[in-house]
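Visitor: heads up, no residue letters with this:
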């Protein structure tokens, strides 16, 4: 139920607040007074796209706020929105900026438009001329029949199973195409796998190869420099001079014991230099240029680079490619068995879906006659005494909605056979048919609030009185908000609101006010032209 609606700077409305009540809520007023602004505000709350043209001319920001007692908590789960406690009202806000920016808020938390639609769409249903046009859609007619027969869960089950069948069928077709190229793909996969396995690239191998390659390419230079350094440390005049200096310092140490630590230090330094020289000499003896080894290392590096170019830039990527090739070869090797398995799954799903759709069709046929009779009864009470209404089911190819093509057939005139809606019904007749259907389905459809925008268009006064009674009856199970120009409809209201246009400092503004008994009578007189 829509509890309240607050509007700021929308079309002609500068500021207004409406406290709707349960049952039938009626809005009346002169043409052009701003009733459309109220409906536009409700459309924004339901998630319609915002247009900057809706902003009042002297403003840069329009705001619509609503409080609702019925909404979809499931649509808020997983969206990071803190919903109100179960049973508590929900607060929704829309903002339209002159810059073109539009924002939606649920419980003061900004959300996307799609979330708003999911949250509010189940609670409020708008019925207007576009709804009457939608009534001519076979898809909408199917949904109405399924809602009446409590078949919505069954249609969801069939749609999901049918989607599974299509998915399996697509997989089957892909496997058949793969089978046609099986030998060629198997040959390519084995060739790629052999290339990777022959190289047998080890993790961290590149680094050691690079180090060895660098050493091999600089072996001659290294040998020459090592030999020169070794000679300096073992056979050069410098080392002899250091040894002579050590002997002299050692002799001095025997004269002055304070010099002995220095002599020991120098002795250690000379010995370490000699050790370095001997180690370098040994290293130089082992070091030699090895052209063959260099070619082997360069070939190994080239093989790894080739693998990297073809199958991935890193060792991990190449190993992943190897695993994929192994899996592909395994699958191609056992492809025939996989095809047989998926064929069996497709057959099983098709049989299941035919069974589900046959059961659905049987229930639809049973419900169609009952629904048609109840709608026809309502139509006759809506001043269409000669109306004919049927629900025809024709077979069609299995789809996600079943095997039935559903069409509503209607005629308002005696002696004229019922034909599809889009070929026969006028606007007024469609409006009454829509009201008849909504009356029959009032307890089957999930919305708690119905918005009727001039559903009494194109009807006469007597019919309008009947419409008023029907709306009042409908309002026993749902909240109904209706815009009307007929006193006959307005008299049925439980809550009556007057929408009027006033002049303020040279500019027009819309005012919305609830009417008491005396005010209602004055409004009835105005509507009848008796003021």
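Guide: Received it, and whenever you're ready, just let me know what you need. Keep in mind that what you see is a predicted model, and the values were worked out from it rather than measured. Numbers count the residues shown, from 1 in each chain.
Visitor: And residue 495, what's its pLDDT?
Guide: At residue 495, the model reports a pLDDT of 94.
Visitor: Look up how far residue 520 lies from it.
Guide: Distance, residue 495 to residue 520, by C-beta to C-beta, to the nearest Å: 10 Å. Yep, even glycine has a C-beta here, placed from its N, CA and C like the rest.
Visitor: for the helix or strand where residue 355 lies, what is the average pLDDT?
Guide: Element membership of residue 355 [criterion: DSSP states H and E] is helix 335-381. For helix 335-381, the mean pLDDT works out to 92.
Visitor: now residue 165: how far from residue 34?
Guide: 53 Å.
Visitor: quick one, which of those two is more surrounded?
Guide: Neighbours were tallied for residue 165 and for residue 34 using other C-beta atoms under 10 Å; the higher tally belongs to residue 34 (25 against 21).
Visitor: what's in contact with the one helix or strand residue 332 maps to?
Guide: Under the criterion DSSP H and E, the helix or strand holding residue 332 is helix 315-333. Around helix 315-333, the neighbours that count as contacts under C-beta atoms under 8 Å, 6 or more residues apart in numbering are 178, 182, 185-186, 189-190, 192-193, 196-197, 201, 203, 206, 307-308, 311-312, 338.
Visitor: Narrow those residues to just the buried residues.
Guide: With neighbours counted using 16 or more other C-beta atoms under 10 Å, the contacts of helix 315-333 contain these buried positions: 178, 185-186, 189, 192-193, 196, 201, 206, 307-308, 311-312, 338.
Visitor: ok, residue 26 touching residue 495?
Guide: Yes. Counting by C-beta atoms under 8 Å, a contact exists between residue 26 and residue 495, whose distance comes to 7.2 Å.
Visitor: Looking at these two, which has the bigger crowd around it?
Guide: A direct count of neighbours by other C-beta under 10 Å for residue 26 and residue 495 places residue 26 higher, at 26 against 19.
Visitor: who are the neighbours in contact with that one?
Guide: 482, 483, 484, 489, 490, 492, 493, 495, 496, 497.
Visitor: count of neighbours near the closest residue to the first one other than its chain neighbours?
Guide: Once flanking residues are discounted, residue 482 sits nearest to residue 452: 4.1 Å by C-beta to C-beta, 6 or more residues apart in numbering. The burial metric for residue 452, expressed as a neighbour count using other C-beta under 10 Å, is 27.
Visitor: Tell me the spacing between residue 9 and residue 409.
Guide: When distance is defined by C-beta to C-beta, residue 9 is 47 Å away from residue 409.
Visitor: Equivalent analysis for residue 478, please.
Guide: The span separating residue 478 from residue 409 equals 27 Å under the rule C-beta to C-beta.
Visitor: How about residue 471?
Guide: Residue 471 sits 26 Å away from residue 409, going by C-beta to C-beta.
Visitor: okay, these two: which has more neighbours?
Guide: More neighbours surround residue 471 than the other of residue 471 and residue 409, with 25 against 17 (other C-beta under 10 Å).
Visitor: hang on, the more buried one in a strand?
Guide: No. Using DSSP: H, G, I helix; E, B strand; the rest coil, the secondary structure at residue 471 is helix, not a strand.
Visitor: Return the residues in contact with it.
Guide: Applying C-beta under 8 Å, 6+ apart, we find residue 471 in contact with 24, 435, 452, 455, 480, 482, 489, 492.
Visitor: Flag whichever of those residues scores worst on pLDDT.
Guide: The member of those with the lowest model confidence is residue 455, at 74 (criterion: pLDDT).
Visitor: That residue in helix, strand or coil?
Guide: Three-state secondary structure (criterion: three-state DSSP) places residue 455 in coil.
Visitor: Among the buried ones among the contacts of helix 315-333, which ones are in helices?
Guide: 178, 185, 186, 189, 192, 193, 196, 206, 307, 308, 311, 338 (DSSP state H).
Visitor: For those residues, which two are the farthest from each other?
Guide: Maximum pairwise distance in these, criterion C-beta to C-beta, is 38.5 Å, between 206 and 338.
Visitor: Could you give the average pLDDT over stretch 254-274?
Guide: Within the predicted structure, the mean pLDDT of stretch 254-274 is 85.
Visitor: And stretch 232-248, by the same measure?
Guide: Averaged over stretch 232-248, pLDDT sits at 79.
Visitor: Excluding its own residues, what touches the strand or helix carrying residue 302? List them.
Guide: Using DSSP H and E, residue 302 falls within helix 291-311. The set of residues external to helix 291-311 that reach it, using C-beta under 8 Å, 6+ apart, is 192, 195-196, 199, 201, 205-206, 209-210, 212-213, 216-217, 314, 317-318, 321-322.
Visitor: ChimeraX command to pick out the buried ones of those?
Guide: Once 16+ other C-beta under 10 Å is used to decide burial, the buried members of the contacts of helix 291-311 can be selected in ChimeraX as follows:
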select :192,196,199,201,206,209,212,213,216,318,321,322
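Visitor: ranges for the helices of the stretch 1-150 of the chain?
Guide: Per DSSP state H, counting those that start in this stretch, the stretch 1-150 of the chain carries helices over the ranges 35-46, 113-121, 129-134, 138-148.
Visitor: among these, which is nearest residue 528?
Guide: Comparing the helices of the stretch 1-150 of the chain against residue 528 with C-beta to C-beta, the closest turns out to be helix 35-46 (18.2 Å).
Visitor: What angle do helix 113-121 and that closest one make with each other?
Guide: 110 degrees (axes from the mean of the first three to the mean of the last three C-alpha atoms, to 10 degrees).
Visitor: if we can go back for a sec, which two from the buried ones among the contacts of helix 315-333 end up farthest apart in space?
Guide: Of all pairs drawn from these, the one with the longest distance (C-beta to C-beta) is 206 and 338, at 38.5 Å.
Visitor: Lowest average pLDDT across the helices of the stretch 1-150 of the chain?
Guide: For those, mean pLDDT drops lowest on helix 129-134, to a mean of 67.
Visitor: now the helix holding residue 332: how far from the chain's centre is it?
Guide: Mean C-alpha position of helix 315-333 versus that of the full chain (C-alpha atoms, centre = their mean, to the nearest Å) differs by 33 Å.
Visitor: quick one: low-confidence ranges for the stretch 1-150 of the chain?
Guide: The stretch 1-150 of the chain contains residues with pLDDT under 70 at 73-87, 128-133.
Visitor: That one: strands as residue ranges?
Guide: Under the criterion DSSP state E, counting those that start in this stretch, the stretch 1-150 of the chain contains strands at 2-10, 13-19, 24-28, 61-68, 90-97, 102-106, 109-111, 124-127.
Visitor: May I see the buried residues of the second one?
Guide: The neighbour-count criterion (16+ other C-beta under 10 Å) identifies 13, 14, 16, 18 as the buried residues of strand 13-19.
Visitor: got the angle for that strand vs strand 24-28?
Guide: Counting by the same axes, to 10 degrees, strand 13-19 points 160 degrees away from the direction of strand 24-28.
Visitor: Pull out the buried positions in stretch 21-39.
Guide: Buried-residue list, stretch 21-39, by 16+ other C-beta under 10 Å: 22-29, 33-39.
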